[in-house]
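In: Need the 3D shape of this:
(chains A and B)
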2 protein chains.
Amino acid sequence: MFNDFKLIEGRPVYIQLKEYLKKHITNGNLPANHKLPSTRELSALLSLSRNTVLTAYAELEQEELIYALKGKGHFVSMVDIARGSSPENIYWNEKMNAAAISAEEMDLMKHGVKWEKGMISFNSIAPDEELFDMTNVKRSFMARMSIEGEILLNYGYAKGYRPLMEYLKNYMEVKGVDLTDKDILITNGFTEGLDIFLSSIHRKYSSVLCENPTHYSAIKLFRLHGFHITGIEMQEDGVNLQRLEKELGQNKFDFAYFIPSYHNPTGIVTSSEKRMEIIRLMAAHHIPIVEDGFNEELRYSGSHVAPLAAFEGLGNSVVYIGSFSKILFPGLRVGWILADKELIYYLESIKRARTIHTSTLDQALLYQYLHDGYFEKYLKKAKMVYKKKYEAAIQACRQYLPYKKLSGDGGLHLFIEFEDSINTRSLLTKCLEKGIVFSPGDVFYTNGQGGNTLRLGFSRLTEKQIKTGIKQIGEILKKSEGLNK
Amino acid sequence: MFNDFKLIEGRPVYIQLKEYLKKHITNGNLPANHKLPSTRELSALLSLSRNTVLTAYAELEQEELIYALKGKGHFVSMVDIARGSSPENIYWNEKMNAAAISAEEMDLMKHGVKWEKGMISFNSIAPDEELFDMTNVKRSFMARMSIEGEILLNYGYAKGYRPLMEYLKNYMEVKGVDLTDKDILITNGFTEGLDIFLSSIHRKYSSVLCENPTHYSAIKLFRLHGFHITGIEMQEDGVNLQRLEKELGQNKFDFAYFIPSYHNPTGIVTSSEKRMEIIRLMAAHHIPIVEDGFNEELRYSGSHVAPLAAFEGLGNSVVYIGSFSKILFPGLRVGWILADKELIYYLESIKRARTIHTSTLDQALLYQYLHDGYFEKYLKKAKMVYKKKYEAAIQACRQYLPYKKLSGDGGLHLFIEFEDSINTRSLLTKCLEKGIVFSPGDVFYTNGQGGNTLRLGFSRLTEKQIKTGIKQIGEILKKSEGLNK
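Out: You can find the predicted model right below:
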């Protein structure tokens, strides 16, 4: 006893002593009526002030965990402990349903390559945290806290924090979206937005249409919700319209999912012409569209391209799901759904039933940061840095990789297709030996293809790492003619 | 044009002008090749500095939304707009599935009494925000930000923020829980914790056992997930064990749900003896237990009572879901599941698939606040204030209400049962006229009973409001003999 008592820094010492004693009382190490050391003894033994020990004892007494006998000292109270009774052992893996088992199987974080120090990892497409302007983040927090801190810390509303909702509505209007009969719901990032939509939509055909390849998290959620996925191949300027039209003529779908800007994983920006045509085709077949507003801000050059939600004008078939996660701070889990107000009315109730609301603090901090114009400033800086990384990556690929196709019109990643004879999973195994990792492209395909593709995320690497890493991949490819399928 | 341009405070003016112009370009109000006012004209017209207008124009030019002709001025670019095409109109309410429709129907925030200024509302059991110690919240934020701000703002882990996970594991151990083969998952509050569990558990019998009445959000989620609910009546010291045993002998259940401390809505604390007996009975029938750790900290007097998770010792059948929401800051959406590590392994993947992770900022702020000992200090103050409100509420009930049963051993609410002849929904209608509202108790019942009950949440009212409100309810009851069922 007491020889395993170790102080941690920054936490009041009397609390640490109280917790230590309470733990040993509640787990039975200190039995009922056991005499505790006197406060003098214990303070000497643990080199604590006597006051600390007195306070800890007083609080334990108040909780009736110990009692004092006048002139005799402190003793452990009778505490109910049920140890020793034959413990129930549940085989939890046998209790899991199909969704839980699938979620585990499709969990790339569990089954992918683990990052190790010193690796050059092209896996991540998260922002480079060295770009974060902490000063303005802190400033935004303090500003909002001063205005209405108490309100931020109490319960908020399922639909979202009102100032942020208003900000985002305006933000969408500026992008060209008509807000007539539209409404907004704040979510825990894009992912929750999509999940809430999938949880709410009636599955008449249990079938979804999307680009192929596409965002892995979306594929995962479609599968978890029991949707059959039909992927349409991507061309340089977006989805293949002929194939799309043919598919629409032959099959029925509950909805379609598109990532028109900086498509994940191919990095392709769908052209305005194709956007209009997608809207026209979907309307002709009365199919709702879920638009993933992924990375829309990360244009390094070129003119404005409006989201699908803008192209549909007064229509109400586009469900726009947005997030700043890939540009701003993904640690703040904030996304939004802008859609028909009748749809939002239902989604709001699902949101409330599941998580009550999104963190108000996250929403308020984000709001203040956006409102005060820090986002624009940050974006300028971020674009400059990412553009350089993007150009370094493109150049290195051209120089070192024998690719068949390279895509990526901006954003934080490139997508590469090799000859069919090259298998990127075998390539990854070889690269891993040299400390280089990337995302093999097959996971993004809806139909098991893409064994000859890979995604290179460059956002969190230095230009030098980008060059070194890609060069190494090229060298490994050169050496190993045996990377056949 | 321009006469509806209104400046809002605190946002850089050039951004506001840029957004204003961009909005009118993307929505077609400013057609292609339309000549914009000169920077001099516009700065005069809107009383802005010329520099502001220059900056706005420069940024619009960079986005290729406008173009400049030397010596002629600025013109609107050709921007693709699809307005005017026949817009698609989806009937979204026909596209909603059973879960979305039920969620809306069971959404009390939508169908309950709306709060209005001046009302005395006994609806809320959220903390009183006037108690929040903003100074220490700000201090915790700044401290954590300085230590690892950049990391907090980037992606975190689905399981949670490690320092908080470690803190909470110790916190549970101090309560007497054996951590052998246990693990923890951080969630967006209690509600998400329960929802993730319900989404993952195999429904062999589609049947759940719980106390009757019980937490409304739990009832709602059970129903949304398609569980049949069997409620066991509450006695003064917890669930009726005879009925529980009888039910267990007759029917099969996938799991049981208990709120052993400050039960919602009755406020009852289940005795240690009953806790042990619950553990024994459930183990005998091999039924997992979901323990709702609701308000465990809000004891105003009396000795330590360990959670069910502690009473099962080395067993692994209790899934403890905790949260500080009712005591600390509900705006921070942080809860946790402490359970068998094999179960947590699956729940983690469901969590990742749905929301990636809980706000790291919320977790980090909460961690720092807890670690630095502010929670203990806050709890002392909060308990003192709430205890007074509790006593005021109890006294007023005794003095003014003709109840049959009054329960509430602490916490932030009381539960009242009247004679069968009194219908609390009719009572609410009368009270509403006087600006008094409360939660009619029937919503908490699993079987349509409780029409003669109500819950009084007093946390956010002053002692005077508590007394005035309860007195008025009593007077209305006295006057209206006609409040029969």
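In: Look up the closest residue to A:E61, ignoring the ones flanking it.
Out: Computed as C-beta to C-beta, 6 or more residues apart in numbering or on different chains, the closest residue to A:E61 that is not its neighbour in sequence is A:A68, at 6.2 Å. Heads up, the C-betas are built off the backbone N, CA and C, glycines and all.
In: Please apply the same query to A:Y403.
Out: A:I416 (4.7 Å).
In: Mind checking what secondary structure that neighbour has?
Out: strand (DSSP: H, G, I helix; E, B strand; the rest coil).
In: doesn't the residue nearest to A:E61 fall inside a strand?
Out: Yes - assessed with three-state DSSP, A:A68 lies in a strand.
In: what's near enough to touch it?
Out: A:57, A:61, A:74-75 (C-beta atoms under 8 Å, 6 or more residues apart in numbering or on different chains).
In: Closest one to chain B out of those residues, please.
Out: Comparing the contacts of A:A68 against chain B with C-beta to the nearest C-beta places A:E61 closest, at 10.8 Å.
In: Tell me, what's the model's pLDDT at that closest one?
Out: Note on A:E61: pLDDT of 94.
In: And the helices in the stretch 151-300 of chain A?
Out: A:162-174, A:189-200, A:216-224, A:241-250, A:272-284 (DSSP state H, counting those that start in this stretch).
In: So for B:I196, which of those helices sits nearest?
Out: Nearest to B:I196, of all the helices of the stretch 151-300 of chain A, is helix A:189-200, at 11.4 Å by C-beta to C-beta.
In: quick check: angle from the closest one to helix B:216-224?
Out: Relative orientation of helix A:189-200 versus helix B:216-224 (axes from the mean of the first three to the mean of the last three C-alpha atoms, to 10 degrees): 60 degrees.
In: Could you list the residues in contact with helix A:189-200?
Out: A:185, A:187, A:217-218, A:221-222, A:225, A:227, A:290, A:292-294, A:319, A:321-323, A:325, A:330, A:333-337, A:343, A:346-347, A:350-351, A:354-355, A:358, B:96-97, B:99-100, B:103, B:353-356.
In: Report the buried members of these.
Out: A:185, A:187, A:217-218, A:221-222, A:225, A:227, A:290, A:292-294, A:319, A:321-323, A:325, A:330, A:333-337, A:343, A:346-347, A:350-351, A:354-355, A:358, B:96-97, B:99-100, B:103, B:353-356 (16 or more other C-beta atoms under 10 Å in any protein chain shown).
In: ok, the helix or strand of chain A with the lowest mean pLDDT near chain B or not?
Out: When the helices and strands of chain A are scored by mean pLDDT, DSSP states H and E, helix A:108-111 comes last with a mean of 91. Yes - judged by C-beta under 8 Å from any C-beta of the partner chain, helix A:108-111 comes into contact with chain B through A:109-110.
In: which parts of the lengthiest helix in chain A are buried?
Out: Longest helix in chain A by number of residues (criterion: DSSP state H): helix A:374-400. Neighbour-count burial for helix A:374-400, counted by 16+ other C-beta under 10 Å, picks out A:374-376, A:378, A:382-383, A:386, A:389-390, A:392-394, A:396-397, A:400.
In: Out of the residues you listed, flag the one nearest to chain B.
Out: A:E376 (5.8 Å).
In: And the closest one, how far from B:Y14?
Out: Distance of A:E376 to B:Y14, computed by C-beta to C-beta, to the nearest Å: 9 Å.
In: same thing with A:A339?
Out: 31 Å.
In: Please say which of these two ends up with more neighbours.
Out: It is A:A339, of A:A339 and B:Y14, that has more neighbours when counted by other C-beta atoms under 10 Å in any protein chain shown, with 28 against 21.
In: Verify the contact between the more buried one and A:G322 for me.
Out: No - A:A339 is beyond contact range of A:G322, at 11.0 Å (criterion: C-beta atoms under 8 Å).
In: Tell me which residues are up against the least confident helix or strand of chain A.
Out: By C-beta under 8 Å, 6+ apart, the residues outside helix A:108-111 that reach it are A:104-105, A:216, A:443, B:158, B:349, B:352.
In: So which of those sit within helices?
Out: Checking those against DSSP H, those in helices are A:104-105, A:216, B:349, B:352.
In: For PyMOL, what selects the buried ones among those?
Out: Filtering the ones in helices among the contacts of helix A:108-111 down to the buried ones (16+ other C-beta under 10 Å) takes a single PyMOL command:
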select buried, (chain A and resi 104+216) or (chain B and resi 349+352)
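In: Identify the farthest-apart pair in the ones in helices among the contacts of helix A:108-111.
Out: A:E104 and A:Y216 (15.2 Å).
In: Let me know how buried A:I125 is, in neighbour terms.
Out: 22.
In: so who does A:I125 touch?
Out: Applying C-beta under 8 Å, 6+ apart, the residues contacting A:I125 are A:264, A:326, A:411-413, A:455, A:457, A:459.
In: Most widely separated two among those?
Out: Largest pairwise distance in these, by C-beta to C-beta, is 13.7 Å, between A:K326 and A:R455.
In: Looking at those two, which is more packed in?
Out: A direct count of neighbours by other C-beta under 10 Å for A:K326 and A:R455 places A:R455 higher, at 26 against 21.
In: mind checking the SS state of that one?
Out: Classified using three-state DSSP, A:R455 is strand.
In: Same check on A:L406?
Out: strand.
In: pretty sure it contacts A:I394?
Out: Yes - applying C-beta under 8 Å as the test, A:L406 and A:I394 come out as touching, 7.4 Å apart.
In: Find residues that contact each of these two.
Out: With C-beta under 8 Å, 6+ apart as the test, A:L406 and A:I394 both reach A:L414.
In: that older thread, can you select the buried ones among the contacts of A:A68 for me in ChimeraX?
Out: The ChimeraX selection below is limited to those of the contacts of A:A68 classed as buried (16+ other C-beta under 10 Å):
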select /A:57,74
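In: In strands only, show me the contacts of A:A68.
Out: A:74-75 (DSSP state E).
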